[in-house]
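Trainee: Please find the sequence and the predicted model below.
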Amino acid sequence: MTRIIAGLYRGRRLNVPDGRDIRPTTDRMRERLFSMLTHSRYPDMQGAKVLDLFAGTGALGLEALSRGAAHATFVEKARTSLDCIKGNIEALKAQADCTVMPLDASKLPPAKETFDFIFMDPPYRQGLVSPTLEAITAGDWLSLDGVIVCELASDDSSELPTGLQILDDRKQGQQRIIFLAHR
């Protein structure tokens, strides 16, 4: 089980499917990540549109909603994860503020709208970081002042698309979080 850290849904538990296929962002890492977003130069979460790629349980997007985001869109291709995300959304009664897209996040089509925050937490060491970032930029998913928050393995050295710049790079144990924006 994992839980929502702060905001409207604070303390509410989220279901996590059994098995080793899902590695939800730990409560500690989510707390750290959202603290950095709140107390830094990043856009305000209030009223933001959020995209959660490789959504797994939906914890990142649901945390953002709990902290004031206006809408969260979840992209996931695994059936068990999609069912888990939908169940967590229903448990929070947040259906009106959420969209679930059953897609491969590394092969996004052109966007119909842009997002202020894009969270991506792909499976570690599977070569998904670079193609996903390419798909985000090629499909115009990130708003002009938006931020991509990418969680990856601390030893991951994926190449970034030329249109993005690193704003911040933080490591904690086996995890690394990079904050990216348009150049």
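Mentor: Okay, I see it. Numbering: from 1, shown residues only.
Trainee: just the helices in this structure please.
Mentor: 27-38, 59-66, 79-92, 129-138 (DSSP state H).
Trainee: now those in JSON lines, with distance to Pro102 and mean pLDDT?
Mentor: C-beta coordinates here come from the backbone N, C-alpha and C atoms, glycine included. As requested, the helices of the chain are arranged in JSON lines below (distance: least, CB to CB, whole Å; pLDDT from 0 to 100):
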{"stretch": "helix 27-38", "distance to Pro102": "24", "mean pLDDT": "81"}
{"stretch": "helix 59-66", "distance to Pro102": "15", "mean pLDDT": "96"}
{"stretch": "helix 79-92", "distance to Pro102": "6", "mean pLDDT": "96"}
{"stretch": "helix 129-138", "distance to Pro102": "16", "mean pLDDT": "97"}
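Trainee: residues in contact with Gly61?
Mentor: Gly61 is in contact with 50-52, 55, 69, 72-74, 98, 119, counting by CB atoms under 8 Å, 6 or more residues apart in numbering.
Trainee: And it, how close does it get to His71?
Mentor: 9 Å (CB to CB, to the nearest Å).
Trainee: intersection of neighbour lists for these two?
Mentor: Residues touching both Gly61 and His71 by CB under 8 Å, 6+ apart: 50, 98.
Trainee: For burial, what's the neighbour tally of Ile4?
Mentor: Residues contacting Ile4 under the criterion other CB atoms under 10 Å number 22.
Trainee: you'd agree it is up against Thr57?
Mentor: No: counting by CB atoms under 8 Å, Ile4 sits too far from Thr57 to count as a contact (11.0 Å).
Trainee: hey, what's in contact with both of those two?
Mentor: By CB under 8 Å, 6+ apart, the residues touching both Ile4 and Thr57 are Leu14.
Trainee: Can you name the residues bridging to the closest residue to Tyr42 other than its chain neighbours?
Mentor: Nearest residue to Tyr42, sequence neighbours excluded (CB to CB, 6 or more residues apart in numbering): Val147, at 5.3 Å. Applying DSSP bridges to Val147 gives these bridge partners: Phe117.
Trainee: now swap in the one 4 residues further on and tell me
Mentor: Here Glu151 sits in beta bridges with Ile177, going by DSSP bridges.
Trainee: how far does stretch 51-61 sit from the chain's center?
Mentor: 5 Å (CA atoms, centre = their mean, to the nearest Å).
Trainee: how long is that stretch from one end to the other?
Mentor: Start-to-end span of stretch 51-61 (CA to CA, to the nearest Å) is 7 Å.
Trainee: Stretch 159-174 now?
Mentor: Distance between the boundary residues of stretch 159-174 (CA to CA) amounts to 19 Å.
Trainee: Can you give the contact residues for that stretch?
Mentor: Against stretch 159-174 from outside (CB under 8 Å, 6+ apart): 29, 32, 36, 40-42, 130, 133-134, 137, 147-148, 153-154, 176-183.
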